[in-house]
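**Q** The sequence and its predicted three-dimensional model are supplied below.
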Amino acid sequence: QVQLVESGGGSVQAGGSLRLSCAASGYTIVNACMGWFRQAPGKEREALASINEYGVATYADAVKGRFTFSKDNNKNTAYLQMNTLKREDTAMYYCAARPGYCSGDPNRYNDWGHGTQVTVSS
């Protein structure tokens with residue numbers, strides 16, 4: 001059974017940093033595309049970043065230069081380092097996985113975690 005578990009969310013002041021983790025079980029991330037998404041209340045789920053099987057990450061404009069997506073295949077875990085956080089980054093953050101190529105469309109991801117809340121205050 002595939003399971004993705006996010007952790008590392010919390011409350012932080014604007015300008016601060018958080019590191020989210022996504023631990024996979026029943027699933028080998030080495031050949032998968034991993035994605036990070038977020039959803040704020042009343043808004044659609046937003047793609048933030050993805051990382052392909054080669055470790056190449058791509059980012060949405062909203063987080064480019066502030067967030068870094070990485071993965072440790074040995075630990076079967078993906079990470080999202082978030083720096084210079086802003087109030088508008090407040091949302092529930094989700095990791096997702098899919099085989100093959102990466103996509104910014106959340107509907108193309110097969111497996112999802114339950115999310116971790118990030119709250120940024122000014």
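**A** Nice, thanks for sending it over.

**Q** what residues are up against the residue positioned nearest the centre of the chain?
**A** With distances taken as Cα atoms, centre = their mean, the residue of the chain nearest its centroid is Trp36 (2.5 Å). The contact partners of Trp36, by Cβ atoms under 8 Å, 6 or more residues apart in numbering, come to 20, 22, 47-50, 67, 69, 78, 80, 93-96. C-beta: built from backbone N, CA, C; applies to glycine.

**Q** For it, give the beta-bridge partners.
**A** Assessed by DSSP bridges, Trp36 has beta-bridge partners Ala49, Cys95.

**Q** Quickly note the distance from it to Ser122.
**A** 23 Å (Cβ to Cβ, to the nearest Å).

**Q** all strands of the chain, in order?
**A** Across the chain, reading from the start of the chain, the strands by DSSP state E fall at 3-7, 10-13, 18-25, 32-39, 46-51, 57-59, 67-72, 77-82, 91-99, 111-112, 116-121.

**Q** so which of these gets nearest Asp105?
**A** strand 46-51 (7.5 Å; Cβ to Cβ).

**Q** Now do that closest one and strand 32-39, the angle between them.
**A** With axes from the mean of the first three to the mean of the last three Cα atoms, to 10 degrees applied, the angle from strand 46-51 to strand 32-39 works out at 160 degrees.

**Q** Dump strand 46-51 to CSV, restricted to CA.
**A** Output of strand 46-51 as CSV, limited to C-alpha atoms (Å, rounded to 0.1, in the frame of the first residue of the first chain):
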residue,chain,number,x,y,z
GLU,A,46,-1.7,25.0,-6.6
ALA,A,47,1.3,23.3,-8.1
LEU,A,48,4.6,24.5,-6.4
ALA,A,49,7.3,22.3,-7.6
SER,A,50,8.2,18.9,-9.0
ILE,A,51,11.3,16.8,-9.2
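
**Q** Show me what it is packed up against.
**A** With contacts defined as 3 or more Cβ pairs under 8 Å, 6 or more residues apart in numbering; DSSP states H and E, strand 46-51 has these neighbours: strand 32-39, strand 57-59, strand 67-72, strand 77-82.
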